[in-house]
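>>> missing the sequence, but the structure's below:
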């Protein structure tokens, strides 16, 4: 009976297990069928909205700036050369590289012995020439007196001949007397001719003496110049450069001793492109006197000077392009010839333009502006100038529009965006300062003892907390956190 009861119970459990297995298989089969028969529905598509930075375009008058690079030059530079050869006897105290000298100051003195001797000889020759000139003048006066005397004698002899002829016509005179009178008159005329020749020779001697005086004067002037050339003076106030001279050295004629540069008359030469040069021309075809700013970046300490455009180079130059422009510097304090500087030229003002970041325009000279419902619209513009990372543009319907900054390939006409005012995304919210409280000595000692006895706290954190607890005022949040850990 017991066997029969256990057999029935086992058959019942077996049947129940089989029924549960069949039910489970049916559920799995139905789930698989439902999964295969259901259509997968895509989630509803949502339009993607891009966040973009925008700036407001405002048309107005802008003054473009042209930036170039050049070098500083002196408008007045002089090479100090030795006009004569000789030994350097003395140098000025400031005759050195960088030495400043005043106008008229004696810089170099060369040995004057030879020049002084040549001057003395020239003066002696001048004295001889002047003496010869005076002697020739006296000889001319004497010759003229002798000519006058000979002429008077010839006149007397001619009158005597005329009397003999008259006597002969009246039958009183003789032929022998007439012939003697004629011979005497002829001799008188010959004497006049000789005296005239003597006067002519005296006049020639006077002319030669004048030539000798002139030549002696030329030699004297040359000797005086040679003597003066032994002393080299500064023609203007300036600074000495390239000094290669020492006292006692022998110098040759026309040797370069130094360079004198005027540090107060400086100009800067810089090269621009032909298009930039065309914008700086006036109505007369010459460069306008535009204002410039010259800057020298000397290890972060910028040196600035103002000036104006003065002229352009006469030729382009071999292997060069563009135009070389010179700008006169007004107050070149701190600048030296040869400095490499940055030149900023203020061009004539341009009206009806907007200043935008250069990233707002693409290669087709179009920009993206916000339209209705914050959707982008493409607007063509005219590029007027590029100013570093900014551009000056003008276009119809641009004034007051919000322009997208930083275009990407994902942005285009019709795209919906979320505008962000430029700079708003970078605005930082100032964090409130932590609240500080003062602790009593007992409370402070209790907190320090707990921190020092906490073995689970890292060493660096424990050191930082202990240093804060030793301060007169301790953050309230730190005290509250420690006391919560203490259970107080």
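Structure's in. What do you need? Just so you know, these numbers come straight off a predicted model, no measurement behind them. Residues are numbered from 1 along each chain as shown.

>>> C-alpha from now on. contacts and neighbour counts both.
OK.

>>> quick one, helices of the stretch 351-488 of the chain?
Secondary structure of the stretch 351-488 of the chain (DSSP state H, counting those that start in this stretch): helices located at 441-453, 459-469, 476-486.

>>> Quick check: which of those is nearest to residue 305?
helix 459-469 (52.9 Å; Cα to Cα).

>>> buried sites along the closest one?
Buried residues in helix 459-469, counted by 16 or more other Cα atoms under 10 Å: 462, 465, 469.

>>> For residue 21, see how far away the second one is.
Right, the one you point to is residue 465. In this view, residue 465 and residue 21 are 65 Å apart by Cα to Cα, to the nearest Å.

>>> just residue 198 next, same as before
172 Å.

>>> what about these two, which has more around it?
Neighbours per residue (other Cα atoms under 10 Å) separate residue 198 from residue 21, with residue 198 holding more: 19 against 12.

>>> can you tell me which residues contact the closest residue to residue 359 other than its chain neighbours?
In space, and not counting its chain neighbours, residue 359 is closest to residue 406: 4.8 Å by Cα to Cα, 6 or more residues apart in numbering. Residue 406 is in contact with 52-53, 359-360, counting by Cα atoms under 8 Å, 6 or more residues apart in numbering.

>>> for the residue nearest the centre of the chain, what are its contacts?
For the chain, the residue nearest the mean C-alpha position is residue 268 (3.7 Å; Cα atoms, centre = their mean). Residues in contact with residue 268 (Cα under 8 Å, 6+ apart) are 70-73, 326-329.

>>> Equivalent analysis for residue 257, please.
79-82, 242-245.

>>> With residue 386 instead?
Taking Cα under 8 Å, 6+ apart as the criterion, residue 386 is in contact with 358, 392.

>>> can you pull up the bridge partners for it?
residue 391 (DSSP bridges).

>>> Show the pLDDT at it.
For residue 386, the pLDDT comes out at 87.

>>> Between the two ends of stretch 274-291, how far is it?
End-to-end for stretch 274-291, by Cα to Cα: 19 Å.

>>> any idea how far the nearest residue to residue 312 once chain neighbours are set aside lies from residue 118?
Distances taken as Cα to Cα, 6+ apart place residue 325 nearest to residue 312, at 4.4 Å, with adjacent residues excluded. According to Cα to Cα, residue 325 and residue 118 sit 50 Å apart.

>>> what does residue 351 give?
74 Å.

>>> Run through the strands of the stretch 101-250 of the chain in chain order.
Along the stretch 101-250 of the chain, counting by DSSP state E, counting those that start in this stretch, strands occupy 106-110, 231-233, 238-241, 250-251.

>>> right, so of those strands, which gets closest to residue 378?
strand 238-241 (61.4 Å).

>>> Which secondary structure elements does the closest one sit against?
Strand 238-241 sits against strand 100-101, strand 256-261, with contacts defined as 3 or more Cα pairs under 8 Å, 6 or more residues apart in numbering; DSSP states H and E.

>>> What strands flank that strand, and is each parallel or antiparallel?
By DSSP bridges, strand 238-241 pairs with strand 100-101 (antiparallel), strand 256-261 (antiparallel).

>>> Can you add distance to residue 161 and give the ones you listed back as TSV?
Below are those laid out as TSV (distance: least, Cα to Cα, whole Å):
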stretch	distance to residue 161
strand 100-101	88
strand 256-261	83
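
>>> what's the closest of those strands to residue 60?
Closest among the strands paired with strand 238-241, using Cα to Cα: strand 256-261, at 45.8 Å.

>>> Tell me which of the helices and strands packed on strand 238-241 sits nearest to residue 166.
Of these, nearest to residue 166 by Cα to Cα is strand 256-261, at 90.0 Å.

>>> Could you list the buried residues of that closest one?
Those would be 256-261, for strand 256-261 by 16+ other Cα under 10 Å.

>>> so what strands line up beside the helix or strand following it?
Next along the chain after strand 256-261, taking DSSP states H and E as the criterion, comes strand 266-272. Using DSSP bridges, the strands paired with strand 266-272 are strand 65-74 (antiparallel), strand 323-329 (antiparallel).

>>> Can you pull out the residues in contact with the shortest one?
By Cα under 8 Å, 6+ apart, the surrounding residues in contact with strand 323-329 are 265-274, 277, 292, 305-313, 316.

>>> so how many other residues sit close to residue 25?
12.

>>> same check, this time on residue 93
The burial count for residue 93: 11, using other Cα under 10 Å.

>>> Confirm it sits in a strand?
No: assessed with DSSP: H, G, I helix; E, B strand; the rest coil, residue 93 is coil; it does not lie in a strand.

>>> how close does it get to residue 99?
9 Å.

>>> longest strand anywhere in this structure?
Determined from DSSP state E, the single longest strand within the chain is strand 301-312.

>>> out of the helices and strands packed on strand 238-241, nearest to residue 338?
Comparing these under Cα to Cα, the one sitting nearest is strand 256-261, at 11.8 Å.

>>> quick check: angle from that closest one to strand 106-110?
170 degrees (axes from the mean of the first three to the mean of the last three Cα atoms, to 10 degrees).

>>> average pLDDT for strand 256-261?
Averaged over strand 256-261, pLDDT sits at 88.

>>> just stretch 88-103 next, same as before
Stretch 88-103 comes out at a mean pLDDT of 86.

>>> Check stretch 358-376 too.
On average, the pLDDT along stretch 358-376 is 88.

>>> Stretch 222-241 too?
88.

>>> pretty sure residue 367 is touching residue 380, no?
Yes: here residue 367 reaches residue 380: they are 6.4 Å apart, a contact under Cα atoms under 8 Å.

>>> Those two - which one has more neighbours?
residue 367 (23 against 18).

>>> got the contact list for that one?
360-361, 378-381, 403-404.

>>> thinking again about what came up before, mind checking pLDDT for the residue nearest to residue 312?
91.

>>> What residues are bridge-paired with it?
Taking DSSP bridges, one obtains residue 270, residue 312 as the residues bridged to residue 325.

>>> Check the spacing between residue 304 and residue 257 real quick.
Note on residue 304: its distance to residue 257, by Cα to Cα, is 33 Å.

>>> picking that back up, put together a markdown table for the buried residues of strand 256-261, with distance to residue 59 on each row.
Formatted as a markdown table, the buried residues of strand 256-261 follow (distance: Cα to Cα, whole Å):
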| residue | distance to residue 59 |
| --- | --- |
| 256 | 60 |
| 257 | 61 |
| 258 | 57 |
| 259 | 54 |
| 260 | 52 |
| 261 | 48 |
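
>>> Tell me which of the strands paired with strand 238-241 lies nearest to residue 159.
strand 256-261 (80.4 Å).

>>> ok now that closest one, how far from the chain's centre?
23 Å (Cα atoms, centre = their mean, to the nearest Å).

>>> how many neighbours does residue 446 have?
13.

>>> wait, I meant residue 416
21.

>>> can you tell me which residues contact it?
Contacts of residue 416 by Cα under 8 Å, 6+ apart are 48-50, 373-376.

>>> Return the distance of it relative to residue 149.
Plainly put, residue 416 is 131 Å away from residue 149 if you go by Cα to Cα.
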